[in-house]
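1. Here is my input, please return the structure:
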Amino acid sequence: MATLEVNVGVIRRFMEQHGWSERELALHMDLAYSYVNRVLGGKRRPGAKFVAGTLLIGLNIEEVFTIEK
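-> Below you'll find the model as predicted:
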């Protein structure tokens, strides 16, 4: 089964460039902080809302996600 993996480093660099905390990132992505925190911490897989949130803030989907088989 294929899984969607997040390149957390890309997101962290984006946050740093914008001066955002995880809470601010979640706000801009229109997601709950706890959800964003779990995805970035590797405790939860990203779902459609997380993917949509990354697009909402202007991240490139090819840079942020990979599909692992």
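
2. where in the chain is pLDDT low?
-> For the chain, no stretch has pLDDT under 70.

3. Could you identify the longest helix within it?
-> helix 8-18 (DSSP state H).

4. Please point out which parts of that helix sit buried.
-> The neighbour-count check on helix 8-18 (16 or more other Cβ atoms under 10 Å) flags 11, 14-15 as buried. To be clear about C-beta, it is placed using only N, CA and C from the backbone, and glycine gets the same treatment.

5. Ok, stretch 30-47 next?
-> In stretch 30-47, counting by 16+ other Cβ under 10 Å, buried: 31, 35-37, 39-40, 46.

6. So which of these belong to strands?
-> Using DSSP state E, the subset of those located in strands is empty.

7. Report the two of those separated the most.
-> 37 and 46 (12.5 Å; Cβ to Cβ).

8. Now for residue 58, which secondary structure element holds it?
-> Using DSSP states H and E, residue 58 falls within no helix or strand.
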